[in-house]
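A.B. asks: When you get a sec, could you give me coordinates for this:
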Amino acid sequence: MGALQMSTFDAEHADRLAHVHGGNLAEGDLVFRWWNDMIASLHAETCFRHRELGLMPESHWRGYQRFITDYLRTPAAPEFWQDVGSGLSEESSGSVTGLLRQHAKENS
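C.D. replies: From the prediction side, this is the model:
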């Protein structure tokens, strides 16, 4: 499978992604969700570093920060982050942890 095939929209994947953020998940669904969360976390780390190095304009970062903030509101994100967040850089994980705390505070 080529890079283009991997990055093109696939409705089956979109349906599965919507499903795994619901309930009654089979083991394969949990694994799919975990890997999807991992990819999002690694992408967040990359974007964080690009911004830090001046390779991402602030306007792009603000848009991405809104995206990752919304993503962190998915039901399993806080638990996933507790498991793997410390594996990323202190700066990046601190930023995400701050967003999670802010979300928890807003919803308490």
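A.B. asks: CA atoms for contacts and neighbours, from now on please.
C.D. replies: Noted.
A.B. asks: remind me which residues of the protein are low pLDDT?
C.D. replies: By pLDDT under 70, the low-scoring segments of the chain are 1-11.
A.B. asks: For it, which residue occupies the most central location?
C.D. replies: Centroid check for the chain by CA atoms, centre = their mean gives residue 40 as the closest residue, at 3.4 Å.
A.B. asks: Return the distance of that one relative to residue 24.
C.D. replies: Applying CA to CA, to the nearest Å, the value for residue 40 to residue 24 is 23 Å.
A.B. asks: Flag every buried residue along the longest helix seen in the chain.
C.D. replies: Longest helix in the chain by number of residues (criterion: DSSP state H): helix 27-52. Buried residues in helix 27-52, counted by 16 or more other CA atoms under 10 Å: 29, 33-34, 37-38, 41, 44-45, 47-49.
A.B. asks: Which pair of those spans the longest distance?
C.D. replies: Using CA to CA, the two most remote members of the buried residues of helix 27-52 are 29 and 49, lying 30.3 Å apart.
A.B. asks: need the helices for the protein, in chain order.
C.D. replies: In the chain, helices defined by DSSP H lie at 3-7, 11-20, 27-52, 58-71, 77-84, 90-106, listed in chain order.
A.B. asks: Let me know the angle separating the longest helix of the chain from helix 58-71.
C.D. replies: If you take axes from the mean of the first three to the mean of the last three CA atoms, to 10 degrees, helix 27-52 sits at 160 degrees to helix 58-71.
A.B. asks: and helix 27-52 with helix 90-106, angle?
C.D. replies: Using the same axes, to 10 degrees: helix 27-52 against helix 90-106 is 110 degrees.
A.B. asks: Could you list every helix and strand in contact with helix 27-52?
C.D. replies: When contacts are defined as 3 or more CA pairs under 8 Å, 6 or more residues apart in numbering; DSSP states H and E, helix 27-52 packs onto helix 11-20, helix 58-71, helix 77-84, helix 90-106.
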